[in-house]
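Undergrad: Model the following, please.
(one chain, ligands or ions: 2)
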Amino acid sequence: MAVSTLNYNHFTSGTQEQRETFARELLDSFERTGFAKLKAHTFSAQELNELFTWGHKFFDQPLDVKNEIPNETGPRPMRGYTPWRVEEVGRLHRDERVRLMKDSKEHFDQGPSYDTEFPNQWPKAPELSGFKRFMEDFYQQCDDTCLTLMAALEVAWGIDDGSLVARCVPSSTDLRLTHYPAIPVEEMQGDRASRIAPHTDFGPITLLFQDSTGGLEIEDRDENSKTKSFVPLPPTDTTEMIVNVGDTLTRWTNGKITGGIHQVTAPEAMKEGSGLMIPPRMSMAYLFKAGRNVSVGPLPKFVSDRQPAIYPDMTAFEFQQWRNSTVYGLNKKEHLNEKEQLNDKEHMIVAGSWNSTPKAILLQA
Ligand SMILES: O=C(O)CCC(=O)C(=O)O
Ligand SMILES: [Fe+2]
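TA: Numbering: from 1, shown residues only. Ligands and ions are numbered 1, 2, ... in the order given. The predicted structure follows:
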């Protein structure tokens, strides 16, 4: 299953033909695999090194210091610090084995700097005094990239009118730095735990940068691969940007583009080992979102008499509330409205495809 690697600058500063080729190949890679890789983008190796250096400085703080900016878990965007084994993304899954799987991570989440409803929480330690400034600039650069990729999808769909871009302005995105502490390899063997369990992200797309540790895997949709459900997406160099399709794009396209299911586990070379510690790992995910009041129901372009809408209308914010209630294991009756509770069942059926029957389930979508 070949994830395409594309030159981002062909879209931003190429000829008309290069722009159109980029757009077509991006859509093709999304449709075939749920993923694409980008090079020649706007992030330098130095900026990415700095990103991970700030991440280490943050996660290296003592737990009680990190807990001074606690993420209030709930049906709301995440802000600040979430400790080890609080969030469990496996809970989103239809397969019970995945639902019970423990994630082994801690994370820092950040929203738009102008968000007064869910304001950011920044650490106060003097050694982190430059963190906020760096992360705010980095956030903006990620947002510009995502909006450009929305413009590329418009070109690919022949609706080059700014309507897809407009659905994602102003930003409601959550940027997440995740730290996976060192862990004995045995913990990753079997179905009990993962670094992050198989899941799809909630928004239209996610930008992902990973450090050099390895362990990221994506669902293998290759018809001919009978044995494996997942294939590694190993780091090549730290500047490689991975883009994955999330639930919102699946919903907007009425199921035409399926979200890229991914997980993080032991790096390939260590999988069968024993008595080994898997080194710590860090990633940055820009979990791009539609505007809070924008519908995540199918776009008119993807609905017809022959293809009725298979996803109900709801706002991006309602969708996020529902998904976050699930990953934090909250009592649904208390936190979700009726529409969200009904949709919970629907989403699990169409989004999940793990273990031996992924293709059958994907066909249902
Ligand atoms: O750490 C990674 O590479 C993946 C992180 C991820 O999937 C997420 O934050 O949603
Ligand atoms: Fe993810």
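
Undergrad: tell me which element whichever residue of the stretch 151-300 of the chain sits closest to ligand 1 falls in.
TA: In the stretch 151-300 of the chain, the residue that lies nearest ligand 1 is residue 283 (3.2 Å; CB to the nearest ligand atom). C-beta here means a position set from N, CA and C on the backbone, and glycine is covered the same way. Element membership of residue 283 [criterion: DSSP states H and E] is strand 281-287.

Undergrad: Get me the contact residues on the chain for ligand 1.
TA: For the chain, the residues in contact with ligand 1 (CB under 6 Å from any ligand atom) are 176, 178, 196, 201, 208, 210, 216, 262, 264, 283, 285.

Undergrad: Tell me the span between the first and last residue of stretch 51-70.
TA: One end of stretch 51-70 sits 21 Å from the other (CA to CA, to the nearest Å).

Undergrad: before we move on, could you check phi and psi at residue 136?
TA: phi -70, psi -40 (degrees, to the nearest 10).

Undergrad: Likewise for residue 36?
TA: Per degrees, to the nearest 10, the backbone of residue 36 is at phi -150, psi 160.

Undergrad: re the thing from before, do you know how far the residue nearest to the residue of the stretch 151-300 of the chain closest to ligand 1 when sequence neighbours are not counted is from residue 155?
TA: Using CB to CB, 6 or more residues apart in numbering and skipping residues adjacent in sequence, the residue nearest residue 283 is residue 210, 4.7 Å away. The gap separating residue 210 from residue 155 is 28 Å, by CB to CB, to the nearest Å.

Undergrad: more neighbours, those two?
TA: residue 210 (23 against 18; other CB atoms under 10 Å).

Undergrad: residue ranges of the strands in the stretch 251-365 of the chain, please?
TA: Remark: strands assigned in the stretch 251-365 of the chain by DSSP state E, counting those that start in this stretch are 262-264, 277-278, 281-287.

Undergrad: Mind checking those strands for the one nearest to residue 169?
TA: strand 281-287 (15.2 Å; CB to CB).

Undergrad: all helices of the stretch 251-365 of the chain, in order?
TA: Assigned by DSSP state H, counting those that start in this stretch, the stretch 251-365 of the chain shows helices spanning 316-327, 332-335, 338-351, 358-364.

Undergrad: Endpoints of stretch 82-91, how far apart?
TA: Start-to-end span of stretch 82-91 (CA to CA) is 17 Å.

Undergrad: er, stretch 106-124 actually
TA: Stretch 106-124: ends 19 Å apart by CA to CA.

Undergrad: residues making contact with stretch 75-85?
TA: Residues outside stretch 75-85 that contact it (CB atoms under 8 Å, 6 or more residues apart in numbering): 63, 66-67, 69-73, 102-111, 115, 118-121, 172, 174, 176, 181, 320-322, 324-325, 330, 335-336.

Undergrad: That one: which residues count as buried?
TA: Counting neighbours by 16 or more other CB atoms under 10 Å, one finds that the buried residues in stretch 75-85 are 75-82.

Undergrad: can you give me the offset of it from its chain's centre?
TA: Relative to its parent chain, stretch 75-85 has a centroid offset of 15 Å by CA atoms, centre = their mean, to the nearest Å.

Undergrad: Report the rounded mean pLDDT for it.
TA: Regarding stretch 75-85, the rounded mean pLDDT is 90.

Undergrad: The closest residue to residue 18 other than its chain neighbours: what's it in contact with?
TA: Leaving aside its chain neighbours, residue 18 sits nearest to residue 10 (4.1 Å; criterion: CB to CB, 6+ apart). The neighbourhood of residue 10, defined by CB under 8 Å, 6+ apart, consists of 18-19, 21-22, 40.

Undergrad: In ChimeraX, how would I select the buried members of those residues?
TA: Here is the ChimeraX selection string for the buried members of the contacts of residue 10, based on 16+ other CB under 10 Å:
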select :19,21,22
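
Undergrad: Which of the contacts of residue 10 sits closest to residue 247?
TA: Residue 247 lies nearest to residue 22 out of the contacts of residue 10, by CB to CB, at 24.2 Å.

Undergrad: On the three-state scheme, the closest one is what?
TA: helix (DSSP: H, G, I helix; E, B strand; the rest coil).

Undergrad: same question, the one 10 residues further on
TA: Secondary structure of residue 32, reduced to three states by three-state DSSP: helix.

Undergrad: any idea how far the spatially most distant residue from the centre of the chain is from ligand 1?
TA: What lies farthest from the middle of the chain is residue 305; by CA atoms, centre = their mean that is 32.2 Å. The span separating residue 305 from ligand 1 equals 36 Å under the rule CB to the nearest ligand atom, to the nearest Å.

Undergrad: on that earlier part again, phi and psi next, for the residue nearest to residue 283.
TA: phi -120, psi 150.

Undergrad: what sits against it?
TA: By CB under 8 Å, 6+ apart, the contact set of residue 210 is 216, 235, 238, 242, 281-283.

Undergrad: now those: which count as buried?
TA: The neighbour count (16+ other CB under 10 Å) marks 216, 235, 242, 281-283 as buried among the contacts of residue 210.

Undergrad: Can you tell me the closest non-neighbouring residue to residue 11?
TA: The shortest distance from residue 11 to any non-neighbouring residue, by CB to CB, 6+ apart, is to residue 22 (4.2 Å).

Undergrad: residue boundaries of the helices in the stretch 101-250 of the chain?
TA: 131-157, 163-166, 247-252.

Undergrad: which residues sit against the shortest one?
TA: The one in question is helix 163-166. Helix 163-166 is contacted from outside by 147, 150-151, 153-154, using CB under 8 Å, 6+ apart.

Undergrad: Switch those residues over to JSON lines; also include neighbour count and pLDDT.
TA: Listed next are these as JSON lines, based on neighbours: other CB atoms under 10 Å; pLDDT from 0 to 100:
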{"residue": "147", "neighbour count": "18", "pLDDT": "98"}
{"residue": "150", "neighbour count": "22", "pLDDT": "98"}
{"residue": "151", "neighbour count": "18", "pLDDT": "98"}
{"residue": "153", "neighbour count": "22", "pLDDT": "98"}
{"residue": "154", "neighbour count": "17", "pLDDT": "97"}
